[in-house]
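S.K.: Build me a model:
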Amino acid sequence: MTVSTEESTFKSASTTGDRGDRVDEWVSLMKLFYKRFDAVLAFATIESVDEAGTGELEFRLTADDVRNRRISDVFWLMILESKFVQAIQLEDVYNDPNVEIEVLADESLLVQFVANPLDFGPERKRQLRKILLSSS
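M.R.: Residues are numbered from 1 along each chain as shown. All right, here's what the predicted structure looks like:
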């Protein structure tokens with residue numbers, strides 16, 4: 001299932017530098033969908049331009065990844081079933097001041113890598129891919 005929203009939804013939060021109400025609303029909506037549909041993985045992304053200006057950042061997550069509880073890409077907000085969590089090394093990001101991690105009722109983890117999705121550019125995505133995907 002895909003839920004879409006416009007990038008402008010998040011602009012107010014990025015101008016203040018704080019986590020804005022609209023981002024909080026989006027996170028709450030993601031948690032609700034995750035619980036309601038008994039998902040094993042949920043993630044949020046916005047359209048972003050890569051460094052070469054060619055368009056949207058490539059997404060490497062596949063149906064096989066979901067079936068096999070494997071992480072092959074990183075997004076600004078992810079909800080990971082506990083089996084996914086076992087596949088990646090989150091210890092390396094626990095001390096990052098930009099990362100928020102919340103344990104949900106079913107012991108899944110909600111991991112928010114930036115306070116505002118507009119701050120999740122190519123460099124941050126590349127950095128997190130290197131940290132999280134090298135161990136899987």
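
S.K.: Can you list phi and psi of the residue lying closest to Val103 once chain neighbours are set aside for me?
M.R.: Nearest residue to Val103, sequence neighbours excluded (CB to CB, 6 or more residues apart in numbering): Leu109, at 6.1 Å. C-beta here means a position set from N, CA and C on the backbone, and glycine is covered the same way. Dihedral angles of Leu109 (phi, psi; degrees, to the nearest 10) stand at phi -110, psi 130.

S.K.: show me the contacts for Ala105.
M.R.: Going by CB atoms under 8 Å, 6 or more residues apart in numbering, Ala105 touches Lys35.

S.K.: and it, that's in a helix?
M.R.: No. Read with DSSP: H, G, I helix; E, B strand; the rest coil, Ala105 is coil and lies in no helix.

S.K.: Against Val74, how distant is it?
M.R.: Separation of Ala105 from Val74 (CB to CB, to the nearest Å): 24 Å.

S.K.: For the protein, give me the ranges with low pLDDT.
M.R.: Residue ranges of the chain with pLDDT under 70: 1-21, 47-59, 134-136.

S.K.: That one: helices as residue ranges?
M.R.: 11-16, 21-36, 63-67, 82-87, 122-133 (DSSP state H).
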